[in-house]
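Trainee: test case, fold it:
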Amino acid sequence: MMPVLLTTDALVWLLVAAVSAYFVHVRRRAHLLVPWRRVTRSAPGMSALVVLAVFVAIGLLDSLHYRARLERAGEKGGTVYAVEALSAFDALAGTLRAQRERTYSAPLATRAYSRETLEIAEADGKTRQLREFPRLAWGGAHLKDDAEWGRDVLLRTLGGLAAAFAAWCALVAGVIFASGSSWRAIWRAETATPWWSVLLTSGMLLALAGPTLTLCGYYHVFGTDKVGQDVLYLALKSIRTGLVIGTVTTLVLLPFAISLGIMAGYFRGWIDDVIQYVYTTVNSIPGVLLIAAAVLLMQVYVDRHPELFPTSVQRADLRLLFLCIILGLTSWTGLARLLRGEALKLRELEYIQAAQAFGVRDARIIGRHILPNVMHIVLISLVMDFSGLVLAEAVLSYVGVGVDPSMISFGTMINAARLEMSREPVVWWALAAAFVFMFVLVLAANLFADAVRDAFDPRVRVGGLAPA
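Mentor: Below you'll find the model as predicted:
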């Protein structure tokens, strides 16, 4: 196989490396480690972290792309690679990806969702036409009779729950061994880290994942869409798009927000006036117009230079990158305002004025004194804005100016489901799957953001309670 490095893949892994380096740096400094220890003592925060870890793991697996090698050789004996770029997640979920039907099928169904005209061969050699729900090509194909469906689903579900319970017991043993705490202490919430919430959340996830894994090889757990694709596969593939929108946009907005916000508050005067004028002007322009213009310009460039994008995945990735850039260019103003206000307060403190009196350069004062003291605001804002960016992608894709239509995302799933809701009978499962996955991702991000805010915001910690 030939590795394919998409631009968004490189940025995602760059962010992973930066976060890893940051936590290595934090572990070596006790004063930086204290607020993160407070995060680990929050039961909702740890539960949300477990859920986010699962989503991030799926997103990272989906960010390792490659082109499979074809069996036949080229004209000169060279290796020929497939045009389609796949990911490591596609390889693991090959069964879900390969099990395609002709059109809609309901969750766990064995027959299609709508009637079709079938030709039935009779004993005398003649055929007659019959309007019936045809059997699916994959869903329940192993069953000889539809009457076996209930028993088969029940047995596979129980088998998945048994496997999930065994995995959970192994996880409990691992937590007890790693933490050095007893099961009684963990269950009674007597440990500093709320391991009971971690284990409870992990147990719920395993209880959902176990039966799903045992059933997905024989049924379409969440049904199929209009072209017969497995909806569970589409929902899992949408996770990467949401994570890329939330993380790559962060890389774009951080330099603008931090540099301009601190400069406006520290230097004041005409510099402050110019920066305020810039972000006031940016806020006055509707973001949807900027995104639509950027998407159209990018599409024209791709159409004129098709040789630069050998696969459809690379073309869709460029549009996703442009969407992240435009979202970042229109999202930095809020954080810049917060940093400006904080810098205005910090520059009046005694140690900053003492450094200025001793002739310390402004760049050194900003780097050594201002920036470290505003990083808690940066961290809180980024974690809290993540869920907003995920929702923004869904809205933009719904109105047609988001990601490429060929790219799987929550927005494109919701946009397709909009037309399916007008059918009779209603095709509801695609919209439900997109809603549930996006809701869980956004809820986990918000809960984790609340834990980070409470740990890093000094105004929240007054005797362990928020001030009145």
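
Trainee: alpha carbons only for contacts and neighbour counts from here, please
Mentor: Noted.

Trainee: the closest residue to Val395 other than its chain neighbours: what's it in contact with?
Mentor: Excluding the flanking residues, the one nearest Val395 by CA to CA, 6 or more residues apart in numbering is Gly411, at 6.3 Å. By CA atoms under 8 Å, 6 or more residues apart in numbering, the contact list for Gly411 reads 393-398, 402.

Trainee: out of the residues you listed, which are inside strands?
Mentor: Using DSSP state E, no member of these falls in strands.

Trainee: after the helix or strand containing Leu11, which helix or strand is next?
Mentor: For Leu11, the host element (DSSP states H and E) is helix 7-27. Following helix 7-27 in sequence order, the next helix or strand is helix 30-40 (DSSP H and E).

Trainee: show me what that following helix is in contact with.
Mentor: In this structure, residues lying in contact with helix 30-40 by CA under 8 Å, 6+ apart are 26-27, 45-46, 193-194, 451-452, 454-456.

Trainee: closest to Thr241 out of the contacts of Gly411?
Mentor: Checking the contacts of Gly411 against Thr241 with CA to CA, the nearest one is Glu393 at 8.6 Å.

Trainee: what count of nearby residues applies to that closest one?
Mentor: By other CA atoms under 10 Å, the residues close to Glu393 number 25.

Trainee: my read: it touches Gly246, true?
Mentor: No: counting by CA atoms under 8 Å, Glu393 stays clear of Gly246, with 9.1 Å between them.

Trainee: can you pull out the low-pLDDT segments for the stretch 101-250 of the chain?
Mentor: 118-119, 121-125, 128 (pLDDT under 70).

Trainee: what segments of it are strands?
Mentor: Assigned by DSSP state E, counting those that start in this stretch, the stretch 101-250 of the chain shows strands spanning 116-121, 127-132.

Trainee: in this structure, which helix is the longest?
Mentor: With DSSP state H setting the assignment, residue counts place helix 231-267 as the longest helix in the chain.

Trainee: list the buried residues of it.
Mentor: Of all the residues in helix 231-267, those buried under the rule 16 or more other CA atoms under 10 Å are 231-254, 256-258, 260-266.

Trainee: show me how far that helix is from its chain's centre.
Mentor: On the basis of CA atoms, centre = their mean, to the nearest Å, helix 231-267 sits 12 Å off its chain's mean C-alpha point.

Trainee: which elements pack onto that helix?
Mentor: helix 7-27, helix 43-61, helix 94-98, helix 269-284, helix 312-346, helix 371-399, helix 410-420, helix 429-456 (3 or more CA pairs under 8 Å, 6 or more residues apart in numbering; DSSP states H and E).

Trainee: and the third one, which residues are buried?
Mentor: It refers to helix 94-98. 96-97.

Trainee: for stretch 275-291, same thing?
Mentor: Neighbour counts over stretch 275-291 (16+ other CA under 10 Å) mark 275-276, 279, 282, 287-288, 290-291 as buried.

Trainee: from those, which is closest to Asp385?
Mentor: Closest approach to Asp385 among the buried residues of stretch 275-291 (CA to CA): Gly287, at 15.9 Å.

Trainee: contacts only, for that closest one.
Mentor: With contact set as CA under 8 Å, 6+ apart, Gly287 has these partners: 327, 330.

Trainee: I appreciate the help and will end here.
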